[in-house]
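Asks: fold the following and give me the result.
(one chain, ligands or ions: 1)
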Amino acid sequence: MLRIALIAHDAKKQQMIDLVAREKEIFCRCELVATGTTGELIRSRVGIQISTVLSGPLGGDQQIGSRIACQTLDMVIFFRDPLTAQPHEPDVSALLRLCDVHNIPVATNWSSAEILLEHVKRRLGY
Ligand SMILES: O=C(CO)COP(=O)(O)O
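Replies: A predicted model of the protein is given here:
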């Protein structure tokens with residue numbers, strides 16, 4: 001089963017909910033993990049099974065990064081807010097850096113997420 005991390009900064013959380021709701025059938029067939037607030041929102045608004053780590057600013061990005069380093073994640077969708085400074089910017093950079101270190105596909109906006117999901121659909125035989 002494909003293991004996908006879902007993360008969204010506050011200004012992008014609605015976009016993440018919209019994406020997961022739209023592609024619910026696909027996401028239901030994946031193993032999902034999210035940072036705390038993103039995951040709780042997805043769970044309550046979309047009604048999909050998703051495990052959570054800590055909230056991003058409290059270490060959640062680092063926990064996701066650890067999974068990337070341990071090779072227990074296959075893909076990351078991380079809707080970053082490029083217009084707002086984040087107190088945990090070093091953690092955000094570290095997570096994205098680890099995706100590059102371990103060659104993990106990462107989408108940081110809607111268009112790239114759609115392209116990654118096309119790949120997921122093909123893998124699932126759609
Ligand atoms: O801050 C985040 C990613 O950097 C996301 O964390 P939350 O999902 O807990 O809001």
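
Asks: what sits against the residue of the chain found nearest the ligand?
Replies: When you check the chain against the ligand by C-beta to the nearest ligand atom, the closest residue turns out to be residue 56, at 2.2 Å. Quick note: C-beta positions are derived from backbone N, CA and C, even for glycine. Residues in contact with residue 56 (C-beta atoms under 8 Å, 6 or more residues apart in numbering) are 7, 9, 35, 36, 37, 38, 86, 88, 91, 92.

Asks: what residues sit buried inside the helix ranked longest in the chain?
Replies: Using DSSP state H to define each element, the chain has its longest helix at helix 110-124. Buried positions in helix 110-124, judged by neighbour count with 16 or more other C-beta atoms under 10 Å: 113, 116, 117, 120.

Asks: can you list the residues that contact it?
Replies: For helix 110-124, using C-beta under 8 Å, 6+ apart, the contacting residues are 2, 4, 15, 19, 23, 26, 29-30, 75, 77, 79, 105, 107.

Asks: wait, residue 67 sits on residue 75?
Replies: No - the pair residue 67 / residue 75 is not scored as a contact, 11.4 Å apart, by C-beta atoms under 8 Å.

Asks: which neighbours do those two share?
Replies: Shared contacts of residue 67 and residue 75 (C-beta under 8 Å, 6+ apart): residue 5.
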